[in-house]
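Novice: what's the 3D shape of this:
(one chain, ligands or ions: 2)
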Amino acid sequence: GLGSDMYRQQILDHYKNPRNYGELEDPTFTHIGENPMCGDEIRMDVRLEDDDETIEFVAFSGDGCAISQASASMLSGELQGKSVDELLEMDRDDVIDMLGVDISPMRVKCAVLAEKVAQDGAEIYRGELDKERTSTEE
Ligand code: FES
Ligand code: FES
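Specialist: Ligands and ions are numbered 1, 2, ... in the order given. From the prediction side, this is the model:
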């Protein structure tokens, strides 16, 4: 329908004109992760405000398919002003809602890649996740 056409346009637009693409000079934490299905890697740089909790800015870089890149682009904007707790509470349904289109089971790992990488980075920053564990994706 019309609604999903609009969302599909939005995904293409984010893919062609990614927002917040690049690397931050002064991230509070940065993390790189890959989609185990294809080997594509995304880097998420997150800068927190002085409260060490509010997300001030997010940038992403790396390669991937349109869904993964659009998801990273949208997520980087969505996260600005949110808290690290809110980031950690996000799940795949939140990401799929954000994208606004049906995602086939095959593509779910593409859709959630940026979210996963940002969450792993945040958990490592907080000392809640063993860095070794993330290097061997489930
Ligand atoms: Fe260094 Fe994630 S890549 S903490
Ligand atoms: Fe690699 Fe989608 S095919 S991230």
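
Novice: where's E78, which helix or strand?
Specialist: helix 66-79 (DSSP states H and E).

Novice: same thing with R47?
Specialist: Assessed by DSSP H and E, R47 sits inside strand 41-48.

Novice: repeat for M98
Specialist: helix 92-99.

Novice: Grab the CA positions of that helix and hand them over as PDB.
Specialist: What follows is helix 92-99, C-alpha atoms only, in PDB (Å, rounded to 0.1, in the frame of the first residue of the first chain):
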ATOM      1  CA  ARG A  92      14.300  -6.200  17.100                       C
ATOM      2  CA  ASP A  93      10.600  -5.100  17.000                       C
ATOM      3  CA  ASP A  94      11.600  -1.600  17.800                       C
ATOM      4  CA  VAL A  95      14.000  -1.600  14.900                       C
ATOM      5  CA  ILE A  96      11.500  -3.100  12.500                       C
ATOM      6  CA  ASP A  97       8.900  -0.500  13.600                       C
ATOM      7  CA  MET A  98      11.500   2.200  12.900                       C
ATOM      8  CA  LEU A  99      12.100   0.800   9.400                       C
END
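
Novice: In the helix holding E78, which of the residues would be classed as buried?
Specialist: I67, S68, Q69, A70, S71, A72, S73, M74, L75, S76, E78, L79 (16 or more other C-beta atoms under 10 Å). All C-beta spots, glycine's among them, are computed from the backbone N, C-alpha and C.

Novice: what does it rub up against?
Specialist: 10-12, 14-15, 18-21, 35, 40, 42, 44, 46, 55, 58-60, 62-64, 87, 95, 98-99, 103, 107, 110-115, 118 (C-beta atoms under 8 Å, 6 or more residues apart in numbering).
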